[in-house]
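Colleague: What follows is a predicted protein model with its sequence.
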Amino acid sequence: MTINTDMPVKVVEITRVADSVKRFRLQRIDRQPMPAFSGGAHVVVAMQDGGLLRRNPYSLMSSPSDRSAYEISVLRVESSRGGSHFMHDHVKEGSTLTVTQPLNLFPFDHRGKKHILFAGGIGITPFIAMMDQMAREDRSFELHYAVRTRSHGAYWQELAQRYGDHRIRIYCDAEKLFIPTKSILAKQALGTHVYVCGPAGMIDGVLELAKSLGWPKQNLHSERFLAPPTGKPFTATLARSQKTITVGEHQSILEAVEAAGVDAPYMCRGGACGQCETVVISCSGEILHNDIYLEPDDKRSGKKIMICISRIKGDAVTLDL
Amino acid sequence: MNIKFKEETFRGDFTFRNSPETIRRFPFPFHEDKYMYAVNMEPHVPAGPKGHAYNAPIDVDEHYVSEMRDREIVLKQDPLRCQALPHMMTAQWDTLELLMEQQAMGFPELFSLTKNGDQWRWVNKPLGIDQRFTFGDASTLPYEPMEYITRQAQGDFCIVDQRDGNLWMDAGMVTTQADWSLDFDVGMNFMEWHGPVPLAHQIGVFDRALKFLLNLQQGKPVRRLNWTMTINPRLDTSPENYHKWGPDRMTVTPENVGDKVHLRCELQSLWRLPRSNGILFVIRCYLLKMEELVTVPKWARRFHRVLRDLPPELIDYKGLTRYRPTTIEWLAKHDDGAATSPGIFPD
């Protein structure tokens, strides 16, 4: 038995906040309060795009104490598989969407004596809610936020105004200003925690530098916005459901499975939570593991795949679904 | 639902007993005629026949007032039964909200919660409490939020912090436990506090359970049943008080089994907490005398078989060794060998 806790919502306000970034304010149609959440949480937004059901994860960026609505910010991604274009071009004020309950794979450590946040571009969104919660709980934090240009960067003015220049530092690529990661990481007291969200290169850079400076891995936290990569179509046979489906160029296995009417478990849709772990019965080709969940041994074994984000290079795969 | 609260004791003269209606609502922990550890978790949704302990996700029954009085006695003697590490304050508030909301929703004639922004009013009729306070401001309550609300809710409560891919027992109110100690376990992680359990580690139960719980979703609580046995209806069977209840196990005779020997069931529910991302672990204890248990023929047959065929490691771990043979002999008279129906509910 499963409980359906998804919430139909109405888009009550759309705001353009920067080049290619729009903010959507979502209110429950049944007028019930939104569930409380913790800074760093995201929801999966379901959009009905004609006959196609799209589901994309977005960080919640409204105040966790605001139960009247949720807010998300969506960057229009040029090489998008369609979700961000749909949100930008087709979702209007008054449109309806469905959101899941909040899920936090990027929580802050409540024991932290100080929290240092590194954001790159749209990676700012989970930190907006996180800082709101930290400020209310009277925690010590500072944000280092890298933007491409000032007009590309979302929210930096509001944040600086709200929390002050001593806590909010903006670095602009176009002005050749870069985050002095090394000097920041080198001088922190014990009990400090580091959080990083942004492009993969930035995350890897911060984490590697921190490790080389001797930071314990328990004090390092990151969230990657992973989207399922595109690739050549292939055939997937679902052994238990006795169905054979085609996974399209712009589709994830999970999306193709859902389109075929088969129920598969999922939560984050970003290769992080582990919920959609699926047994591979056979595979004629190579599994392209794109998740950050499976252990290296599991990946090498060729017996497991995270179907929300990974695909195969080859003709056909048989899954225990 | 109109509950008539009992005046009774769980110590001294042990006047606890269940009314016939309460016997039938008991969460009987065996769905078949044998028992072994399993990751037996299911969605914690209202279930069971009308009036069953599964009807409301946070259950209140006829023992509520007396159980809260017993908790007060335990806390007076041993304040360390209630502890919260400093980083758990947000989770404490989450817990307070959850227990108030669930009790008010399940039993609106007994409890009510009114919210006006962060100005809240909590009314608890059975205990005669009418409290106005500011959500988030602990100075507006007579105790810290977890202690305040768990002095008004049946069951033990552990608040678990989630970090580093593990769960940490960093707060709790534990006064009705089956021989474990919060004071000993506080700050431990999931694998550490389950260390003493036999057999289950080897079959990978805890690895799977941990993986499952790390992904526990908001709005989708889960439950499982656990059980042991207790001599005399004593809620506080803690290691701290072992000298008081340990010797009771020597007092079982064929004549007093029906009244003295109890099946002790724990209805455990787990809830993802919204603001702290922690997990609330509720361990609600129900006691059933053998003479009460055998009034349900299905349960009499089944419990006899479960107890008779229990693996030796479990007999020892659950502390049943001394009185198990006497109890099986007594139960055998209530088992005619007939087949039992599947599931836990009475026929």
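Modeller: Ah, there it is. Fair warning: this is a prediction, and the values are worked out from it, not measured in the lab.
Colleague: Where does the closest residue to residue B:281 other than its chain neighbours fall, secondary structure wise?
Modeller: With sequence-adjacent residues excluded and distances taken as Cβ to Cβ, 6 or more residues apart in numbering or on different chains, residue B:281 is closest to residue B:158, at 4.3 Å. C-beta: built from backbone N, CA, C; applies to glycine. Using DSSP states H and E, residue B:158 sits within strand B:156-163.
Colleague: now that strand: how far from the chain's centre is it?
Modeller: 15 Å (Cα atoms, centre = their mean, to the nearest Å).
Colleague: can you check stretch B:318-336 too?
Modeller: 23 Å.
Colleague: buried ones in that stretch?
Modeller: Of the residues in stretch B:318-336, B:318, B:319, B:320, B:323, B:324, B:326, B:327, B:328, B:330, B:331, B:334, B:335 count as buried by neighbour count, 16 or more other Cβ atoms under 10 Å in any protein chain shown.
Colleague: quick revisit: so the residue nearest to residue B:281 bridges to which residues?
Modeller: Residue B:158 forms beta bridges with residue B:172, residue B:281, as assigned by DSSP bridges.
Colleague: residues near it, how many?
Modeller: Other residues lying near residue B:158 total 24 when counted by other Cβ atoms under 10 Å in any protein chain shown.
Colleague: okay, and for the chain, where does confidence drop off?
Modeller: By default, I'm working from chain A. In the predicted model, chain A carries pLDDT under 70 at residues A:1-3.
Colleague: hm, I was asking about chain B
Modeller: B:1, B:39.
Colleague: Pull the distance from the host helix or strand of residue B:314 to the chain's centre.
Modeller: In the assignment (DSSP H and E), residue B:314 maps to helix B:312-317. The chain centre lies 21 Å from the centre of helix B:312-317; the measure is Cα atoms, centre = their mean.
Colleague: Same check on stretch B:216-236?
Modeller: Taking Cα atoms, centre = their mean, one finds stretch B:216-236 lying 4 Å from the centre of the chain it belongs to.
Colleague: How about that stretch, which residues are buried there?
Modeller: Neighbour counts using 16+ other Cβ under 10 Å place B:216-225, B:227-236 of stretch B:216-236 among the buried residues.
Colleague: out of those, which are inside strands?
Modeller: Among those, the ones falling in strands (DSSP state E) are B:222, B:223, B:224, B:225, B:227, B:228, B:229, B:230, B:231.
Colleague: Pick out whichever of those residues sits closest to chain A.
Modeller: Ranked by distance to chain A (Cβ to the nearest Cβ), these are led by residue B:222 at 10.1 Å.
Colleague: give the contact list for that closest one.
Modeller: B:41, B:42, B:43, B:44, B:216, B:269, B:270 (Cβ atoms under 8 Å, 6 or more residues apart in numbering or on different chains).
Colleague: how about the residues of the stretch 101-250 of chain A near chain B?
Modeller: A:101, A:102, A:103, A:104, A:107, A:109, A:110, A:111, A:133, A:136, A:137, A:218 (Cβ under 8 Å from any Cβ of the partner chain).
Colleague: which non-adjacent residue is nearest residue B:346?
Modeller: Closest to residue B:346 by Cβ to Cβ, 6+ apart is residue B:296, at 4.6 Å.
Colleague: Can you give me the neighbour number for the one you found?
Modeller: By the criterion of other Cβ under 10 Å, residue B:296 has 19 neighbours.
Colleague: and it, what does it touch?
Modeller: Counted by Cβ under 8 Å, 6+ apart, residue B:296 has contacts B:23, B:24, B:28, B:346.
Colleague: mind running it again at 10 Å?
Modeller: Taking Cβ atoms under 10 Å, 6 or more residues apart in numbering or on different chains, we find residue B:296 in contact with B:23, B:24, B:26, B:28, B:288, B:302, B:303, B:345, B:346, B:347.
Colleague: what's the distance between it and chain A?
Modeller: 25 Å (Cβ to the nearest Cβ, to the nearest Å).
Colleague: Check the gap between that residue and residue B:113 for me.
Modeller: Note on residue B:296: its distance to residue B:113, by Cβ to Cβ, to the nearest Å, is 35 Å.
Colleague: Residue A:110 now?
Modeller: The separation that residue A:110 has from residue B:113, given Cβ to Cβ, amounts to 25 Å.
Colleague: quick one: which of these two has more around it?
Modeller: Using other Cβ under 10 Å as the criterion, residue A:110 and residue B:113 rank with residue A:110 on top: 23 against 19.
Colleague: And the residue nearest the centre of the chain?
Modeller: No chain was given, so I picked chain A. What sits nearest the mean C-alpha location of chain A, by Cα atoms, centre = their mean, is residue A:225, with 4.2 Å.
Colleague: nope, chain B
Modeller: Centre-nearest of chain B using Cα atoms, centre = their mean is residue B:284, 1.8 Å out.
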